[in-house]
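> pasted the sequence and its predicted model underneath.
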Amino acid sequence: MSLVSGPGRGGMTDLPEELRLFVDKHVSYIQSLDTRKDELEYWLTEHLRLNGLYWGLTALHLLGHPDALPRHEVVDFVLSCMHESGGFGAAPGHDAHMLYTVSGVQILATLDAFDDLEARVKSGRQRIGQYIADLQDPESGTFAGDEWQEKDTRFLYGALNALSLLGLLHLVNVDKAVEHVQSCANFDGGYGTSPGAESHAGQVFTCLGALTITGRLDLVDKDKLGAWLSERQLKNGGLNGRPEKKEDVCYSWWVLSSLAMLNKVHWIDGKKLASFILHCQDPELGGFADRPGDMVDVFHTVFGIAGLSLLKFPGLAEVDPVYCMPRVVTKRCLGQ
Amino acid sequence: MPKYYHDDPRWADIDALPQDDGGPYPLAAIAYTDEYSEAMSYLRAVMARNEMSERVLELTEHIIDMNPAHYTVWLYRAKVLSATNSDLSREIAWLNPTALRHLKNYQIWHHRQTIIDKLDSHVGEADFIATMLEQDAKNYHVWSYRQWLVKRFALFPGKGGADGEWDGEKELKWTEGMIEADVRNNSAWNHRWFVVLGGREGETVSDDFIKREIDYAQAAIRKAPQNQSSWNYLRGIVRHAKLPVSALKDFALEFATLESSDQVHSCHALDLLAEIYAAEENTWDEAAKAFELLATKYDPVRAQYWKYRQGLLRQGGVVA
């Protein structure tokens, strides 16, 4: 899955009055991504390959085209990124890191391929779980991304996301992790990457996601955080990630999914947001951009579509706001 | 000028390891792609034999210049730096322009942090940060890094820094300068909170101290009454000091009254007034009116939120 931007641009063609979602265009856009190996950007974005595959696959599932990528080849590729340690790299030959390990688990979960994993890698699930568990800092409860020891609430959320899908949450100290999330809460009601760091919608998503997975939303001041999140909507309907920043389609996901976890999606103007997101798609070549006029890419494509799914846009599969995966998949994995 | 290794005698002992991507696609379509893929094939080869040497530092430098987001390269470079006992101030000198060229890159900050930690000196870092913030005054990585420096070198006001060049008082002054340059810079407000309160958890602060921060935030609000950041800060301080929100009533009335809806200059002030009115049962009508104005006139995008808060009045509840 390539992360090459373009070829299309969002919102350059006049959209018809009645806004629609160009499902077939987006499907063929995602299918075409891996055929662009003659472009430099394909190679320069190799460090995101596994994430890109998760983004593309999730978008296809939400669009109702789960079989648009060949399952066997996808599973082969994912497993070729797996290390002895149980961690995954972005692509074969890349070091293992939490972010790719989470994408690897999410892809396998989406394809219902945990059995394929066990058949091909001895104790595969357990090994992945142990790799993740070993990245927890026993003192602070947070998680590092890899042996380089960078720490960020993104990694903490990713760890709980993957472990819960694997049914292995018991491998880590959940209470300590929750304590750490608490310590990242700020005076304005939001959360940052680490204690004291500025509130940011992306980090709010990771912290709320972690608290939802661990069943500790009782620790959140829901009205205050909901107010901060709903303040992210701008007059043009788009959402920003911090006060006084520009709107961007990816925040349609991070802000809206957070509001969904708090049961407060209705606190913003959903119609205006849906219209903003639809204006960011390229109706001819497919894909979504961060805002109208910019190049499309698969990252903004999945978050635009997932945002529309949370807004109950007709024709889309239901997305799980905690995992950014199809709800049928998380239900199956979590035994709900 | 592209740089190649196959005709460089210093690399003659290395058999490059081209990528086996399993596909029939030629990599030679673009000259620049050639350069990148060749450098990567030499990196694979040196990593395979775990070579830690000066020339590997040069090779990783070359690759990072082309693609700074390839984090395996950073990780390997950090290992080589440590194994070869390299001069770390030279590494910082190289990192400065590299960071400027790649403003959105993540890896560079963690790398810098580990180097500065080992060097045990922040000399030059304030200047470097100033240059970075000139490019983007809200760069999240830069502000997070600054927080790390403040903590690492104890640059909190009243605590005495490691040396006179940069200490807590100077840090507070610098933060003021950043807010003055753009009173809507939320990152700068967050940093002020960190320097003043956030980084010193558990310590009690004096009344004078609280008063100074309230005055500071109020002066900033008078400059830009519709600014979320300064209002958030003001309310955060008041809550931190456990003062009743009604202490801010006169201040809020400077920007909004219910008597004439044309005199609302800040929906944050109106929001605050609504909260003050909602706290006392005998002013619930005023609170309801304020919520109504917010939902219909001043902030209709969030109409449902304001209606929710209005609805809490009927239930006798109050949103803090």
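It's in. From a predicted model like this one, the values you see are computed outputs, not experimental measurements.
> what residue in chain A comes nearest to chain B?
residue A:187 (3.3 Å; CB to the nearest CB). In this view, the C-beta of every residue, glycine as well, is placed from N, C-alpha and C.
> could you find the closest non-adjacent residue to that residue?
residue B:236 (3.3 Å; CB to CB, 6 or more residues apart in numbering or on different chains).
> wait, that neighbour touches residue B:190, no?
No. With the criterion set as CB atoms under 8 Å, residue B:236 and residue B:190 do not qualify as a contacting pair; they are 10.1 Å apart.
> tell me which of those two has more neighbours.
With other CB atoms under 10 Å in any protein chain shown as the criterion, residue B:236 and residue B:190 differ in neighbour count, and residue B:190 comes out ahead with 29 against 20.
> quick check: which element contains the more buried one?
Take DSSP states H and E as the rule and residue B:190 turns out to sit in helix B:186-196.
> if you average pLDDT over that helix, what comes out?
Per-residue pLDDT values over helix B:186-196 give a mean of 96.
> other SSEs contacting it?
The criterion is 3 or more CB pairs under 8 Å, 6 or more residues apart in numbering or on different chains; DSSP states H and E, and the helices and strands that helix B:186-196 contacts are helix B:140-152, helix B:168-181, helix B:228-240.
> now distance to residue A:205 and mean pLDDT too, for the ones you listed, in TSV please.
Putting the helices and strands packed on helix B:186-196 into TSV (distance: least, CB to CB, whole Å; pLDDT from 0 to 100) gives the following:
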stretch	distance to residue A:205	mean pLDDT
helix B:140-152	15	96
helix B:168-181	27	95
helix B:228-240	20	96
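> go through those and name the closest to residue B:276.
Judged by CB to CB, the one of the helices and strands packed on helix B:186-196 that comes nearest to residue B:276 is helix B:228-240, at 11.4 Å.
> after the closest one, which helix or strand is next?
Per DSSP H and E, the helix or strand that comes after helix B:228-240 is helix B:249-253.
> how far does that next one sit from the chain's center?
Between the centre of helix B:249-253 and the centre of its chain there are 31 Å (CA atoms, centre = their mean, to the nearest Å).
> check which helices and strands it sits against.
Under the contact definition 3+ CB pairs under 8 Å, 6+ apart, helix B:249-253 sits against helix B:267-278.
> and the helix it packs on, what does it pack onto?
helix B:228-240, helix B:249-253, helix B:284-293, helix B:303-314.
> what residues does the stretch 151-300 of chain A put near chain B?
Taking CB under 8 Å from any CB of the partner chain as the measure of proximity, the stretch 151-300 of chain A contacts chain B at A:186-188, A:192-200, A:221, A:223-224, A:226-227, A:230-231, A:233, A:235, A:242-245, A:264, A:266-269, A:272.
> buried subset of those?
By the neighbour-count criterion of 16 or more other CB atoms under 10 Å in any protein chain shown, these include these buried positions: A:186-188, A:192-200, A:223-224, A:226-227, A:230-231, A:233, A:242-243, A:245, A:264, A:267-269, A:272.
> tell me who's in contact with the residue of chain A closest to chain B.
Contacts for residue A:187 (CB atoms under 8 Å, 6 or more residues apart in numbering or on different chains) come out as B:193, B:197-198, B:232-233, B:236, B:239-240.
> give me the secondary structure label for it.
In the three-state summary, residue A:187 is assigned as coil, counting by DSSP: H, G, I helix; E, B strand; the rest coil.
> distance of it from residue B:219?
With the distance defined as CB to CB, to the nearest Å, residue A:187 ends up 19 Å from residue B:219.
> how about the strands in the stretch 101-250 of chain A?
Taking DSSP state E, counting those that start in this stretch as the criterion, the stretch 101-250 of chain A carries no strands.
> so chain B: which segments form each domain?
Domain assignment of chain B by automatic domain parsing yields the ranges B:1-86, B:118-197.
> comparing the ones you listed, which comes out most buried?
Counting by mean count of other CB atoms under 10 Å in any protein chain shown, domain B:118-197 has the highest mean neighbour count of the domains of chain B, with a mean of 18.
> ok, the residue in the stretch 201-320 of chain B that chain A sits nearest to - contacts?
With CB to the nearest CB as the measure, residue B:236 is the residue of the stretch 201-320 of chain B nearest to chain A, at 3.3 Å. With contacts defined as CB under 8 Å, 6+ apart, the neighbours of residue B:236 are A:187-188, B:193.
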